[in-house]
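[1] take a look and give me a structure for this.
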Amino acid sequence: MNTHYPIPAATTRIEIEVNRSRFIATIGFAETVDAAREFIQATRVEFPDASSYIYAFKVGYGVSTTEGMSDGGEPTGTGGPPTLAVIHGADLGDVVITTTRYFGGIKLGTGGLVHAFGDAARAALAALPIRPKIMLRQVGITLPYPLYERVKLLTVAHNGVIDSEEFAGDVTLYVTLPLDDLKAYSDAIIELSAGRVVPIEL
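    Residues are numbered from 1 along each chain as shown. A predicted model of the protein is given here:
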């Protein structure tokens, strides 16, 4: 399982021109298929008079991904597949690319379109800032009051954030922390409490 992976840090747009046709490639972050579709629709709304709208996306990373693509009015195989191929060649997850074309009056042919859409996607990818996506988990911890302050210190030490606290006969904390830190955090609390307190993943 991937506990972190590279994703787009911002939406980025580039434009290239090939034989008077304009290719406007927009690349950004999409954590779900619905988010990817919203991104694609936003491009259509932004460029209502374009000749075509092609797209490709990959949600997830590694072996667990969902992909989609469309030639968007261009000849079959000339827009979506070369764009998805660019995504496949990048070490990146949760990414969507749309390329909006304005026809310039000169036909490019299927080979020319494949190259143009691929080049636009590569140019957008080259300009894209990247950041790591950190996988998070939430745990619930019920502990006696004497351990409260020490568990708060452990939470900070393991990059966790206390989402909420409940005070009754004991204290119950709801903590979100990076998946990479979860085992060490749980082990530290179990050791601190002599096995009496075990964080429960929610």
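[2] now the spatially most central residue of the chain, nearest residue through space, not along the chain?
    The centroid of the chain falls nearest to D94 when counting by C-alpha atoms, centre = their mean (3.1 Å). Nearest non-adjacent residue to D94, counting by C-beta to C-beta, 6 or more residues apart in numbering: I7, 4.6 Å away. Using the backbone N, CA and C atoms, a C-beta is placed for each residue, glycine as well.
[3] my guess is that neighbour contacts D91, does it?
    No: with contact defined as C-beta atoms under 8 Å, I7 does not reach D91; the gap is 10.6 Å.
[4] quick one: which of these two has more around it?
    I7 (19 against 8; other C-beta atoms under 10 Å).
[5] C-alpha coordinates for the helix or strand hosting that one, PDB please?
    Using DSSP states H and E, I7 falls within strand 4-8. Provided in PDB are the C-alpha atoms of strand 4-8 (Å, rounded to 0.1, in the frame of the first residue of the first chain):
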ATOM      1  CA  HIS A   4       2.400   8.700   0.100                       C
ATOM      2  CA  TYR A   5       2.800   9.500  -3.600                       C
ATOM      3  CA  PRO A   6       3.300  12.600  -5.800                       C
ATOM      4  CA  ILE A   7       0.300  14.600  -6.900                       C
ATOM      5  CA  PRO A   8      -0.300  18.000  -8.700                       C
END
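[6] which SSE is immediately downstream of that strand?
    Assigned by DSSP H and E, the successor of strand 4-8 is strand 12-18.
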